[in-house]
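Colleague: Here is a sequence together with a model predicted from it:
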Amino acid sequence: MTLDAVLFDLDDTLCRYRRTGRELLEAAVERTGLEPFVTLEEYHARYPRFVDDSDSMADLRERCFAAIAADEGRDPADGRRLARAYADERDHGNVEPLPGLDDALAAVEPLPAGVVTNGAPEMQAPKLEALGLDDAFDVVVHAGYDAPSKPDPRPFDVALDALDAGPDRTIHVGNSLSSDVAGARAAGLRSVWIPVDDQAAPDDGRAVPDHTLSSLAELPALVRGDLR
Ligand SMILES: [Mg+2]
């Protein structure tokens with residue numbers, strides 16, 4: 001089968017932040033002088049409940065931290081203050097490329113390529129710029145802004161339209177089973193999953209990747225097989 005195009009997720013697929021969420025939270029605690037009343041685990045466990053009612057990541061984090069503060073018997077304003085300090089600590093341009101990025105992009109050079117990312121343009125553009133990739137893609141779809149968030153198939157449809165590519169002749173490369181693999185499948189694309197850690201492939205049939213790679217360094221061989 002020949003490929004029409006290749007799509008990529010951005011965060012934890014092409015790059016990752018140099019500072020972890022844990023480091024940001026520690027810095028935010030220090031900056032505010034508050035006691036450390038929120039853990040990263042609590043934050044991650046609770047934030048899905050706030051997704052639908054929030055209009056930005058900053059808003060979501062403020063609501064989530066305020067709720068945790070209230071549960072701890074504290075003033076919810078402490079939670080909001082900590083959340084704002086956390087956001088101030090995050091520099092979206094402070095990212096590093098993931099192993100194999102250059103080779104992967106060189107391998108897909110002959111093809112139209114795009115990014116389908118869940119994230120606001122003001123968060124994602126500094127990452128592409130820091131990686132030197134601001135002109136590397138033919139289309140960048142900010143799902144959640146230009147279209148509904150992944151795993152909705154619509155952000156993939158937007159990218160396919162822009163690249164004039166057929167879904168069954170396009171692969172999407174991403175690290176998340178729930179947004180990348182499930183979304184690509186919903187849009188009729190082939191999915192290439194690159195887990196961040198040694199995450200096991202699911203066996204429940206909901207978001208089963210078509211290909212699983214250990215890093216972007218393995219993408220050239222996969223794409224060459226398709227281009228033969
Ligand atoms: Mg990702």
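Modeller: Alright, I've got the coordinates. Numbers count the residues shown, from 1 in each chain.

Colleague: could you pull out the helices for this structure?
Modeller: Remark: helices assigned in the chain by DSSP state H are 21-32, 40-46, 57-71, 76-89, 101-108, 121-130, 154-163, 182-186, 219-227.

Colleague: now, of those helices, which is deepest in the fold?
Modeller: helix 182-186 (a mean of 23; mean count of other C-beta atoms under 10 Å). Just so you know, the C-beta spots here come from the backbone N, C-alpha and C atoms, and that holds for glycine as well.

Colleague: For it, list the C-alpha coordinates in PDB.
Modeller: Coordinates of each C-alpha in helix 182-186 appear next as PDB, following Å, rounded to 0.1, in the frame of the first residue of the first chain:
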ATOM      1  CA  ALA A 182      -8.800   5.700  19.300                       C
ATOM      2  CA  GLY A 183      -9.100   9.000  17.300                       C
ATOM      3  CA  ALA A 184      -7.200   7.700  14.300                       C
ATOM      4  CA  ARG A 185      -9.300   4.600  14.200                       C
ATOM      5  CA  ALA A 186     -12.500   6.600  14.500                       C
END
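
Colleague: near the ion, anything from it?
Modeller: No. Using C-beta under 5 Å from the ion, we find that helix 182-186 stays clear of the ion, coming within 11.0 Å at best.

Colleague: same deal with stretch 214-224?
Modeller: No. Using C-beta under 5 Å from the ion, stretch 214-224 stays clear of the ion, coming no nearer than 12.5 Å.

Colleague: so where's the chain uncertain?
Modeller: 1, 198-206, 226-228 (pLDDT under 70).

Colleague: near the ion, which residues of it?
Modeller: 9, 11-13, 175-176.

Colleague: Show me which of the residues you listed is closest to Asp157.
Modeller: Nearest to Asp157, judged by C-beta to C-beta, of the residues of the chain next to the ion is Asp9 at 16.0 Å.

Colleague: Quick check: the closest one vs Thr2, distance?
Modeller: Distance, Asp9 to Thr2, by C-beta to C-beta, to the nearest Å: 23 Å.

Colleague: And those two? Which one has more around it.
Modeller: Asp9 (26 against 8; other C-beta atoms under 10 Å).

Colleague: Report the contact partners of that one.
Modeller: 115-117, 150, 172-176, 179-180 (C-beta atoms under 8 Å, 6 or more residues apart in numbering).

Colleague: Okay, and which of these map to strands?
Modeller: Counting by DSSP state E, the contacts of Asp9 place 115-117, 172-174 in strands.

Colleague: Following the record's annotation, map out the domains of this protein.
Modeller: Following automatic domain parsing, the chain resolves into domains at 5-16+95-227, 21-89.

Colleague: Can you get me the start-to-end distance on stretch 197-211?
Modeller: One end of stretch 197-211 sits 16 Å from the other (C-alpha to C-alpha, to the nearest Å).
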